[in-house]
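1. Could you work out the structure for the sequence below:
(chains A and B, ligands or ions: 1)
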Amino acid sequence: MAKEYRTIRNDVALPYQWALGRTWTRFFDGLKEERILGTKCDRCGKVYVPARSFCPVCFTDLMEWVDVKPRGRLVSWTVVNTSYHGQVKEPPYIVALIRLDGADCDFHHFIDGFNITDAGERKRKLRAGAKVKAVWSPSKNADIRDIAWFAPV
Amino acid sequence: MGNAVAIIGTGQTRHGRRTDLCYPDLVREAVTAALDDAGITLEDIDGVVLGTMPSMMEGVSSTHFYFAEAMGSLGKPVLKVETCGSTGQSIGHCGFFWVASGMADIVLVVGSEKMSEGDGQATMTTVFDPFFQRTFAAGAPGVFTMQSMEWMYRFGIPEEKGREAAALISVSNHDNAMDNPHAHIRMRVTMDDVKNARVITYPVRLLDVCPASDGACAVVFASRKAARKIGRKPAWIRGLGFRGEEFFYGESDKAVWMSATEAAGEAYRQAGIRDPLKELDVAEIYNPFTYQEMIFYECFGFCPRGEAPDYVLKGTFRKGGELPCDPSGGTLCTNPIGATGLIRLAEAALQVTGKAGERQVEGAKLALSHAMGGVDQFNGVTIVGSTL
Ligand SMILES: [Zn+2]
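-> Purely as a prediction, here's the structure:
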C-alpha cells in the first residue's frame, strides 16, 4: 500500500452579475414572446443566431434584426450519459447542434420529446438533416431555457 | 522565423495521482529534471514562462505567483500564458519567440496541472459563455463528441467503421503508454474492452477518453550560441503555427476545422514540408478523444478528408507504420492539461534527439507536436528537427 497523504477540502463560490447588454437583452425579450431573433450582416449577408452586436468576419455593427424560424435541421447530437457539476438535467439527455431555418450558424440546445433511452428510436429520429422544432417552456424567464427543447418533427 | 532556437533539455514528472507532492513541489520535480537534462543551473536562465488551465481548475488564482520559487523565477522576468488545452503549445511558442527575438539566450518554459485537486469538467464548462451554451456544455465530452458525429455525417463514415477505427486508436495508445515510464494509464486494453466500456457521451466510451492527471513538464529553449556552449544535442524548432476561430460553438465548421488545418499549414510552410505523411517521422497529437484524433490526421494532411478511419485501420499511424503517432501513449493515457501540449513538444524533442528510450521511433529526424484548446477553438503546432 502506498502511503496516503493528507488533502484539505475547500470550496470557492463567487457571485457574478453578468450584463447582457442591449443586443442580448433584446434576444431574450424575444424568447419570452416565443420569437428567435437573429441579426444580419449587411456586408456579408450572414444571419447570426443568437443575435450578435457585430459581425465577427466583417467587424461591422449589425443593425438589421430578423426573426428566424423556431424549427430547423439537426447537424449533430450526442447522448450525455455522465453527470457533470452544474448540469441542469439528470443524464441521460441529448444535446444537439441545430441549423435553424434562416440562420447561417448552428444553435446549441437539448433534443427531447420522445423515448431518448431507446436506441432504435434514436436511430430512426436522429440523423443529419432530420427536421426538429422548438418546444416552448410554459413559464418563461427570458433565458435560454424559455425553449424547453427541440423535438423531432 | 527570427534567430535559430533549440530545445536543449526537457523534464517530466511521473504523471498520475500525485498526492505525495503539493502542487509547487510537483512543478519543481519537472523543472529539476529539465535543468539536469540540459546540464544547466537556474543561474543560466534568463526568463521563465508558465502555463496552466484557467484558475477555476487550480482553485488558486494566477499560478505564476504560487509557483514563483518552484519554477526558479526569483529575480527573473516571468510570463504567464494560458489558452486552455492548447496552453502547452502556446507557452512553447512563447519560449521560442523570446529566444528567437534575441532578447534572451535561455528560457525555461513550464506547464502543469493537478487535475486530482479540482473538477476538470466543471472548469471546462466555465469556458462556455454563461448565457447561451453553458447549459448544454456537458464538459469537454459533450462538445468533442458532437464534433466527431458531425465529421462522420459530413463524410459519410458508417458508425461501425468509425467505432472500429477509434477502438484501434485506443488500443494503440494504451500499448504505447506501456513503453513510457511517465505515462499515467499503463495497462493493455483490447478492441472489445473499448467497444464495451461504459458510454460517456454516445458513441464515445470510457476508453475513448483521456484520464485526469497530475503532472508537469519543463522545457529549456536556447539560442544557437547558448546551445553550442552547453553542448547538449539540440532539437531545433523548424516551424510553428497557431490559429483561433469563433468562440460560439456551431459558428465555425468543426468537421473541416480551419484552426487545426491552418496551424499545421503555417508550421509546414516554415519547415518546408510539402508531404507531411512522407516527410514527418513521428507525430505527437493532442488526442484526449480517439474519434477526434482522426479529424486531426485529416487537418494535418496525413490523409484525405473523410479517409482517416481507412488509414487507421490499415495501421498507418501505429508503431512501425508509415507515420507513428503518439508513441508516448498520447494525451489519451496522460492528461495534466496545462502541461499536455508541452509534453507533446518534449516528446517530439526526445524523438529527434534519439532520447525517447523504449518509445523511440528509430531514426526519427523530423517530428510534429500539437495541442488544441477551448471549445474546439484554438490549435497550435510545433515542428522540431534533428537539424536546423
Ligand atoms: Zn459580415
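
2. For residue 123, identify the helix or strand it belongs to.
-> Going with chain A. In this structure, residue A:123 sits in helix A:119-125 according to DSSP states H and E.

3. think we crossed wires, I meant chain B
-> Secondary structure assignment for residue B:123, by DSSP H and E: helix B:120-125.

4. Report the mean per-residue pLDDT for the following helix or strand past that helix.
-> For helix B:120-125, the following helix or strand on the C-terminal side (DSSP H and E) is helix B:139-154. The average of the pLDDT scores along helix B:139-154 is 96.

5. where does residue B:335 land in three-state SS?
-> Secondary structure state of residue B:335, per DSSP: H, G, I helix; E, B strand; the rest coil, is coil.

6. roughly how far apart are residue B:134 and residue B:249?
-> Distance of residue B:134 to residue B:249, computed by C-beta to C-beta, to the nearest Å: 11 Å. In this view, the C-beta of every residue, glycine as well, is placed from N, C-alpha and C.

7. Equivalent analysis for residue A:143, please.
-> Computed with C-beta to C-beta, the distance linking residue A:143 and residue B:249 is 18 Å.

8. ok, the two, which is more surrounded?
-> Counting neighbours by other C-beta atoms under 10 Å in any protein chain shown for residue A:143 and for residue B:249 shows that residue B:249 has the greater number, 25 against 15.

9. Helix or strand: which one has the more buried one?
-> For residue B:249, there is no enclosing helix or strand under DSSP H and E.

10. State the pLDDT value of the nearest residue to it once chain neighbours are set aside.
-> The shortest distance from residue B:249 to any residue other than its chain neighbours is 5.0 Å, reached at residue B:375 (C-beta to C-beta, 6 or more residues apart in numbering or on different chains). On pLDDT, residue B:375 comes in at 95.

11. how near is residue B:375 to residue B:85?
-> Distance of residue B:375 to residue B:85, given as C-beta to C-beta: 10 Å.

12. Name the residue in the two with the higher neighbour count.
-> residue B:85 (29 against 25).

13. picking up where we left off before, joint contacts of residue B:134 and residue B:249?
-> residue B:128 (C-beta atoms under 8 Å, 6 or more residues apart in numbering or on different chains).

14. in its sheet, what does the following helix or strand past the helix holding residue A:123 sit against?
-> Once the chain leaves helix A:119-125, the next helix or strand it forms, by DSSP H and E, is strand A:131-136. Strand A:131-136 has its sheet partners listed here by DSSP bridges as strand A:71-80 (antiparallel), strand A:147-152 (antiparallel).

15. Flag every buried residue along strand A:131-136.
-> Buried residues in strand A:131-136, counted by 16 or more other C-beta atoms under 10 Å in any protein chain shown: A:132-134.

16. What is the nearest of the residues you listed to the ion?
-> Within the buried residues of strand A:131-136, the smallest distance to the ion is 25.9 Å, found for residue A:134 (C-beta to the ion).

17. The closest one reaches residue A:71, doesn't it?
-> Yes: at 6.6 Å, residue A:134 counts as touching residue A:71 under the criterion of C-beta atoms under 8 Å.

18. got the contact list for the nearest residue to residue B:131 once chain neighbours are set aside?
-> Nearest in space to residue B:131, with sequence neighbours left out and distances taken as C-beta to C-beta, 6+ apart, is residue A:24 at 6.2 Å. By C-beta under 8 Å, 6+ apart, the contact list for residue A:24 reads A:50-51, B:131.

19. Looking at the residues you listed, which is nearest the ion?
-> Using C-beta to the ion, those come closest to the ion at residue A:51, 13.6 Å.

20. Before we go further, residue B:201 is sitting in a strand, right?
-> Yes: counting by three-state DSSP, residue B:201 is found in a strand.

21. Which residues are in contact with it?
-> Residues near residue B:201 by C-beta under 8 Å, 6+ apart: A:78-82, B:138, B:141-142, B:145.

22. how close does the residue in chain B sticking out farthest from the centre sit to residue B:251?
-> The outermost residue of chain B relative to its centre, with distances by C-alpha atoms, centre = their mean, is residue B:131 at 30.2 Å. Going from residue B:131 to residue B:251 by C-beta to C-beta gives 15 Å.

23. what sits up against the helix or strand of chain A with the lowest mean pLDDT?
-> When each helix and strand of chain A is scored by mean pLDDT, DSSP states H and E, helix A:119-125 comes last, with a mean of 94. For helix A:119-125, the external contacting residues (C-beta under 8 Å, 6+ apart) are A:79, A:114-116, A:152.

24. who wins for neighbours among those?
-> residue A:79 (24 neighbours).

25. Please read off the pLDDT at it from the model.
-> Note for residue A:79: predicted pLDDT of 97.

26. Looking at strand pairing, list the partners for it.
-> Beta-bridge partners, per DSSP bridges, of residue A:79: residue A:94, residue B:202.

27. ok, residue B:302 to chain A distance?
-> Here residue B:302 is placed at a distance of 23 Å from chain A (C-beta to the nearest C-beta, to the nearest Å).

28. Name the nearest residue to that residue, sequence neighbours excluded.
-> Distances taken as C-beta to C-beta, 6+ apart place residue B:277 nearest to residue B:302, at 5.0 Å, with adjacent residues excluded.

29. List the contacts of the one you found.
-> Residue B:277 touches B:301-303, B:316, B:322-323, counting by C-beta under 8 Å, 6+ apart.

30. try residue B:105
-> Residue B:105 makes contacts with B:46, B:99, B:222-223, B:225-226, as judged by C-beta under 8 Å, 6+ apart.

31. I'd like those residues as a markdown table, with secondary structure, distance to residue B:238 and neighbour count appended.
-> Output for the contacts of residue B:105, formatted as a markdown table (DSSP: H, G, I helix; E, B strand; the rest coil; distance: C-beta to C-beta, whole Å; neighbours: other C-beta atoms under 10 Å in any protein chain shown):
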| residue | secondary structure | distance to residue B:238 | neighbour count |
| --- | --- | --- | --- |
| B:46 | coil | 23 | 18 |
| B:99 | helix | 14 | 26 |
| B:222 | strand | 15 | 28 |
| B:223 | strand | 16 | 21 |
| B:225 | helix | 19 | 11 |
| B:226 | helix | 18 | 23 |
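
32. which of these lies closest to the ion?
-> Closest approach between those and the ion, by C-beta to the ion: residue B:99, at 39.1 Å.

33. list the contacts for that closest one?
-> B:3, B:5, B:105-107, B:221-223.

34. Check what pLDDT the spatially closest residue to residue B:35 that is not a sequence neighbour gets.
-> In this structure, residue B:35 finds its nearest non-sequential neighbour in residue B:41, 6.4 Å apart by C-beta to C-beta, 6+ apart. With respect to pLDDT, residue B:41 has a value of 98.

35. Run a quick neighbour tally on residue B:41.
-> By the criterion of other C-beta under 10 Å, residue B:41 has 10 neighbours.

36. State the distance from it to residue B:25.
-> Per C-beta to C-beta, residue B:41 is found 19 Å from residue B:25.

37. quick one on the thing from earlier: state the pLDDT value of the residue farthest from the centre of chain B.
-> The model reports residue B:131 with a pLDDT of 97.

38. So it sits against residue A:23, correct?
-> No: the pair residue B:131 / residue A:23 is not scored as a contact, 11.0 Å apart, by C-beta under 8 Å.
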